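I would like to see how this sequence folds:
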Amino acid sequence: MGNLFGRKRRSRVTEQDKAVLQLKQQRDKLRQYQKRITLNLERERALARQLLRDGKKEKAMLLLKKKRYQEQLLDKTENQISNLERMVQDIEFTQIEMKVIEGLKIGNECLNKMHQVMSIEEVERIIGETQDAVEYQRQIDEILAGSLTEEDEDAILEELNAITQEQMELPEVPSEPLPEKIPEASPVKNRPKPELVAAS
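Below you'll find the predicted structure:
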């Protein structure tokens with residue numbers, strides 16, 4: 001069912017991954033071997049003591065020579081494990097370096113394509129046009145912001161005053177001359193209150 005259309009799935013495991021796996025398996029086997037040798041060394045030491053107690057010095061000496069040989073093997077095994085671990089680390093670090101180099105290569109290709117699209121002359125032209133536009137805008141801003149002469153300022157103030165006068169509504173001035181003395185108003189006399197007529 002997996003190969004329904006006859007296409008093989010591409011494995012993500014690289015040759016370097018396989019090498020690292022084999023090295024780690026070999027390291028693990030060596031560690032198991034170390035444990036076995038260590039257990040043997042302890043047994044043989046105990047056996048050598050027993051042989052000495054039993055007075056079998058020659059056999060105890062032979063056993064201790066064998067033990068010494070195994071201790072040397074143990075040291076060699078430790079060196080081999082160190083070498084395997086160093087090699088695993090070197091391979092893993094080299095894989096990281098290869099990814100970095102691949103990334104740099106892709107980035108370099110991208111930059112080259114961008115440089116082909118935009119040449120140095122094109123960049124200089126765009127920068128020049130931008131500077132011209134900025135200078136033109138600065139000139140417009142100066143004209144609008146206050147590079148006016150004193151005459152222009154006076155004309156603007158005069159126009160502002162005229163607009164202000166138009167907007168103010170003043171009361172109308174009477175056309176007849178005002179009297180010099182205003183006659184006093186006569187006080188209101190008490191009028192008789194009307195009598196209420198009783199309804200019959």
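
Can you give me the pLDDT of residue 157?
We have a pLDDT of 80 for residue 157.

Check which residues of stretch 31-50 are buried.
Neighbour-count burial for stretch 31-50, counted by 16 or more other Cβ atoms under 10 Å, picks out 34, 37, 41, 44, 48. For the C-beta atoms, the positions are set from N, CA and C on the backbone; glycine is no exception.

Show me what the lengthiest helix in the chain packs onto, helices and strands only.
Longest helix in the chain, counting residues (DSSP state H): helix 57-117. Judged by 3 or more Cβ pairs under 8 Å, 6 or more residues apart in numbering; DSSP states H and E, the packing partners of helix 57-117 are helix 15-53.

got the CA coordinates for stretch 115-127 in CSV?
Listed next in CSV are the C-alpha coordinates belonging to stretch 115-127 (Å, rounded to 0.1, in the frame of the first residue of the first chain):
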residue,chain,number,x,y,z
HIS,A,115,22.6,42.5,-7.8
GLN,A,116,21.8,41.5,-11.4
VAL,A,117,18.3,43.0,-11.0
MET,A,118,19.7,46.2,-9.5
SER,A,119,23.0,47.5,-10.7
ILE,A,120,25.2,50.1,-9.0
GLU,A,121,24.2,52.6,-11.7
GLU,A,122,20.5,52.0,-11.0
VAL,A,123,21.0,52.5,-7.3
GLU,A,124,22.9,55.7,-7.9
ARG,A,125,20.2,56.9,-10.2
ILE,A,126,17.4,56.2,-7.6
ILE,A,127,19.4,57.8,-4.8
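
Please look at residue 59 and residue 50 and confirm they touch.
No. Look at residue 59 against residue 50 with Cβ atoms under 8 Å: they stay out of range, at 9.9 Å.

circling back: average pLDDT across the longest helix of the chain?
For helix 57-117, mean pLDDT is 89.

angle of the helix or strand following that helix against helix 57-117?
As assigned by DSSP states H and E, the chain's next helix or strand after helix 57-117 is helix 120-145. If you take axes from the mean of the first three to the mean of the last three Cα atoms, to 10 degrees, helix 120-145 sits at 60 degrees to helix 57-117.

State the mean pLDDT of helix 120-145.
On average, helix 120-145 scores 84.

sorry, back to before: kindly reformat the buried residues of stretch 31-50 as JSON lines and extend each row with distance to residue 135.
Shown next, in JSON lines, are these (distance: Cβ to Cβ, whole Å):
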{"residue": "34", "distance to residue 135": "80"}
{"residue": "37", "distance to residue 135": "86"}
{"residue": "41", "distance to residue 135": "89"}
{"residue": "44", "distance to residue 135": "95"}
{"residue": "48", "distance to residue 135": "99"}
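
Please tell me how far residue 31 sits from residue 154.
Residue 31 is 100 Å from residue 154, where distance means Cβ to Cβ, to the nearest Å.

Sorry, slip of the keys, the one I care about is residue 48.
The gap separating residue 48 from residue 154 is 122 Å, by Cβ to Cβ.

go on, residue 16?
Taking Cβ to Cβ, one finds residue 16 at 86 Å from residue 154.
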